[in-house]
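Student: Structure for the following, please:
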Amino acid sequence: MKKGTQALPEFSIKEKKSLSDHFSNTESNVFAITSPRQVDRGALMSRYSRTNKSMRRIFLDEFLKNKDRGDEFYNRVLLEYGDDSVAELGEAQIAIEGLSNIAVKKIEDRRIGLSYLEKSSRYVAWNKKENGKYRFYRDPEISKSRYADMYEESCNFSFDTYSNNIEPMTNYVREKYPIEKYMFKDSEDGKEKIFSKLKNESDIKSAGMIYRGSTKAKALDILRGLLPASTLTNVGITGNGRAFEYLLTVLGSSDLREEQYLATKIKKELDTTIKSFVSRADDKYGKAFQKYLKDVKIKAKEITKKEIRPNQITGSFTKLVECESENIAIDKTITSIMYEQSPSTSYENILQQVKKISKENKIKIINEFVKIRKNRRHRPSRAFENIFYTFDLCNNFGMFRDMHRHRALTLERQLLTTDHGYSMPNEIKVLGIEKDYKDCMDKTKETFGKIRKKYPEQGQYVVNFGYNYPYFMKFNLREACHLLELRTVPQGHTDYRKVAQQMFEQINKIHPNLSKIMRFVDMKEYDLERFESEKRTEDKRKNLKK
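Tutor: As a prediction, the model looks like this:
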């Protein structure tokens, strides 16, 4: 046996043949589980932690002759013992097409155990019709009420205004930012040149693709505020059984029919792949959990109504409302930096010693870790997770949709309404469609005002992306690096780039030394946000063809 290797189990020729359909190899101490049934793969992982046997031996002794062994294992562990962690061993991918932007946000509220890919509002125009109708959600409660026609008319008006202005806005963007203004790569010498200097037909074609893609994205970015929250989108979800089980419970406890129906449909599809991992979602346990979630919501409403006197907020804002002084924050960060490298020393002892270091030396220590970061993918160490910032925000709902996708933070939000005014891109005014935009927003406000009296949650569907939406975000300094550097990249939407820049400015003001760790926040403005990104994509596409 080679030095440093682990003694491996020996299998007979017959056993190896049986194992070959379920494991990537039978010789190495590192192997992949390739057994076709998800439930068996998960059960093997879980059973593995409860025995001295090797995994492949477990399979031969306990699973090979009993095709239902995986199901039996999960039924016993999950239902009898309630060991939630084993449900994380089953994973599935679910695609949901044609759900509203209200429902997709409820799904994406789940932060742990699920990953999402959602249809973009900047690469795809949302003006297509299906059987002569725009694709927006028609809530059954509203559809059978006296508000049905009003709701339909308001959503159609929003889509008409959006659709009718895609071509004019695209033409305006291309007129304002002509292709002749931009530099493209010449494949003959590899240098960047203005469009008129390109001679190669392939280069000219590529330049046109880059330009059309970035200008179309710019036009759709400007117009997306007109879309109502009822707009149907698509989302793909990858996750483990435990996270899916919680998602199903949350959707099942909703007051919205759409979300209740989605819970039923998702459960049905998960039953085809990881049934044993989500078995409790609609049993006695699941129903009790749904009731608990409803009780929490009712109690929160009751207490809020009794204790809080609301103030009317209008317009958009981004405001840092809670954080520690920089002196305390620096002490905690440096203590955490040193902790891992201080064997047999308590956190408290290190903190007391750090407090005695001069401020000048503390700043030098922080700067050393600032210098180490060479690009934004070099995330700061966990020592920077000890400092928290709470932001009170009210920004347009379209922008919120992008900020909402971040996981490693706390985000709480309210119902979508027309109470806080709306944002209007300057290009709307320049193009001369300000009246159309205002008419759309006014019609929405009137419709929402009537529907909300009886259906406050269902009324959200009619509200446009352009209306301002209140929420708060709490995150640590390490996450601030990720969030603010990512959301200020040149290709980002101008709305969230501005908000991320405002966040950085406020953090920098109160923590001028610690904020240096966010080296790659981009504070510049760009004409065509997608232009450089489209160029990189085209370069990659060309390289693939070589």
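Student: can you pull the pLDDT of the nearest residue to Phe136 once chain neighbours are set aside?
Tutor: Closest residue to Phe136 apart from its sequence neighbours, by Cβ to Cβ, 6 or more residues apart in numbering: Ser230 at 4.0 Å. For glycine as for every other residue, the C-beta is placed from the backbone atoms N, C-alpha and C. We have a pLDDT of 98 for Ser230.
Student: ok, Ser230 to Asn396 distance?
Tutor: Per Cβ to Cβ, to the nearest Å, Ser230 is found 16 Å from Asn396.
Student: still on that earlier bit, residues in contact with the residue nearest to Phe136?
Tutor: With contacts defined as Cβ atoms under 8 Å, 6 or more residues apart in numbering, Ser230 is in contact with 100-102, 136-139, 155, 461-462.
Student: I'd like to know the phi and psi angles of the closest residue to Asp271 other than its chain neighbours, please.
Tutor: Of all residues not flanking Asp271 in the chain, Val278 sits nearest, at 7.4 Å (Cβ to Cβ, 6+ apart). Note on Val278: its backbone torsions stand at phi -120, psi 20 [degrees, to the nearest 10].
Student: quick one: Val278 from Leu60, how far?
Tutor: Val278 is 29 Å from Leu60, by Cβ to Cβ.
Student: Let me see the contact set for the most centrally placed residue in the chain.
Tutor: In the chain, the centroid-proximal residue (Cα atoms, centre = their mean) is Arg405; its distance is 2.1 Å. Neighbouring residues of Arg405 by Cβ under 8 Å, 6+ apart: 108, 116, 118.
Student: again, 7 Å this time
Tutor: Glu108 (Cβ atoms under 7 Å, 6 or more residues apart in numbering).
Student: Secondary structure class of it, three-state.
Tutor: Secondary structure state of Arg405, per DSSP: H, G, I helix; E, B strand; the rest coil, is coil.
Student: Read off the pLDDT value for it.
Tutor: Looking at Arg405, its pLDDT stands at 80.
Student: For Ile365, see how far away the closest residue to Met45 other than its chain neighbours is.
Tutor: Excluding its sequence neighbours, the residue lying closest to Met45 (Cβ to Cβ, 6+ apart) is Leu89, at 4.7 Å. To Ile365, Leu89 is 42 Å away according to Cβ to Cβ.
Student: How about Thr345: what's its closest non-neighbour residue?
Tutor: Nearest in space to Thr345, with sequence neighbours left out and distances taken as Cβ to Cβ, 6+ apart, is Tyr339 at 7.8 Å.
Student: What about Phe384, how many residues nearby?
Tutor: A count of nearby residues for Phe384, using other Cβ atoms under 10 Å, gives 24.
Student: just checking, it touches Arg478?
Tutor: Yes - between Phe384 and Arg478 there is a contact under Cβ atoms under 7 Å: 4.2 Å.
Student: that older thread, tell me the contacts of the residue nearest to Asp271?
Tutor: By Cβ under 7 Å, 6+ apart, Val278 lies in contact with 241, 244-245, 248, 267, 270.
Student: ok, now with 8 Å
Tutor: Contacts of Val278 (Cβ under 8 Å, 6+ apart): 87, 241, 244-245, 248, 267, 270-271.
Student: Could you look up the SS state of Gly28?
Tutor: Actually, residue 28 is Ser rather than Gly. coil.
Student: How much space separates it from Ile58?
Tutor: From Ser28 to Ile58 the distance is 17 Å (Cβ to Cβ).
Student: The two: who's more crowded?
Tutor: Just comparing Ser28 and Ile58: by other Cβ under 10 Å the higher neighbour count belongs to Ile58, 18 against 11.
Student: The more buried one is in what secondary structure piece?
Tutor: According to DSSP states H and E, Ile58 maps onto helix 55-58.
Student: Please write out the alpha-carbon positions of that helix in PDB.
Tutor: As requested, the backbone C-alpha atoms of helix 55-58 are provided in PDB (Å, rounded to 0.1, in the frame of the first residue of the first chain):
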ATOM      1  CA  MET A  55     -20.800   2.900   2.000                       C
ATOM      2  CA  ARG A  56     -20.300   0.400  -0.700                       C
ATOM      3  CA  ARG A  57     -20.600  -2.400   1.800                       C
ATOM      4  CA  ILE A  58     -23.800  -0.900   3.200                       C
END
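Student: Show me what it is packed against.
Tutor: Where contact means 3 or more Cβ pairs under 8 Å, 6 or more residues apart in numbering; DSSP states H and E, helix 55-58 is packed against helix 38-48.
Student: I'd like the mean pLDDT over the helix it packs on, please.
Tutor: Taken as a whole, helix 38-48 has a mean pLDDT of 79.
Student: Show me the contact partners of it.
Tutor: 22, 33, 35, 55, 58-59, 62-63, 69-71, 73-74, 77, 83, 86, 89-92, 241, 273-277.
Student: And stretch 169-185, by the same measure?
Tutor: 191-196, 198, 203, 206-208, 210-211, 215-216, 218-219, 222-223, 427, 430-431, 527-528, 531, 535, 539.
Student: Buried members of those residues into ChimeraX, please.
Tutor: Burial among the contacts of stretch 169-185 is assessed by 16 or more other Cβ atoms under 10 Å; the matching ChimeraX selection reads:
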select :193,195,198,203,206,207,210,211,215,216,218,219,222,223,427,431,528,531,535
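Student: Just the contacts of stretch 169-185: which are in helices?
Tutor: Among the contacts of stretch 169-185, DSSP state H puts 203, 206-208, 210-211, 215-216, 218-219, 222-223, 427, 430-431, 531, 535, 539 in helices.
Student: now the stretch 1-150 of the chain, which segments are flagged as low pLDDT?
Tutor: The stretch 1-150 of the chain contains residues with pLDDT under 70 at 1-9, 70, 74-84, 86-87.
Student: and if we set it to 80?
Tutor: The stretch 1-150 of the chain contains residues with pLDDT under 80 at 1-9, 38-39, 42-43, 46-50, 68-90, 120-123.
Student: need the helices for it, in chain order.
Tutor: Here the stretch 1-150 of the chain has its helices, by DSSP state H, counting those that start in this stretch, at 13-19, 38-48, 55-58, 69-74, 101-108, 140-143, 148-164.
Student: give the contact list for Met523.
Tutor: 488, 501, 504.
Student: Show me those that map onto helices.
Tutor: Checking the contacts of Met523 against DSSP H, those in helices are 501, 504.
Student: Dump the contacts of Met523 into TSV; add pLDDT and distance to Leu415 as well.
Tutor: Below are the contacts of Met523 laid out as TSV (pLDDT from 0 to 100; distance: Cβ to Cβ, whole Å):
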residue	pLDDT	distance to Leu415
Thr488	96	29
Gln501	98	28
Phe504	98	29
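Student: Arg519 - that's part of a helix, no?
Tutor: No - counting by three-state DSSP, Arg519 is located in no helix; its state is coil.
Student: which non-adjacent residue is nearest it?
Tutor: Arg373 (5.4 Å).
Student: didn't the one you found look like it was pressed against Val521?
Tutor: No - using Cβ atoms under 8 Å, Arg373 is not in contact with Val521; the gap is 11.9 Å.
Student: picking that back up, Leu89 and Ile365 - which one has more neighbours?
Tutor: Taking neighbours as other Cβ under 10 Å, Leu89 and Ile365 compare with Leu89 leading, 21 against 15.
Student: which residues sit in contact with the nearest residue to Leu227 once chain neighbours are set aside?
Tutor: Sequence neighbours aside, Phe465 is the residue nearest to Leu227 in space, at 4.9 Å (criterion: Cβ to Cβ, 6+ apart). Counting by Cβ under 8 Å, 6+ apart, Phe465 makes contact with 101, 121, 224-229, 396-398, 401.
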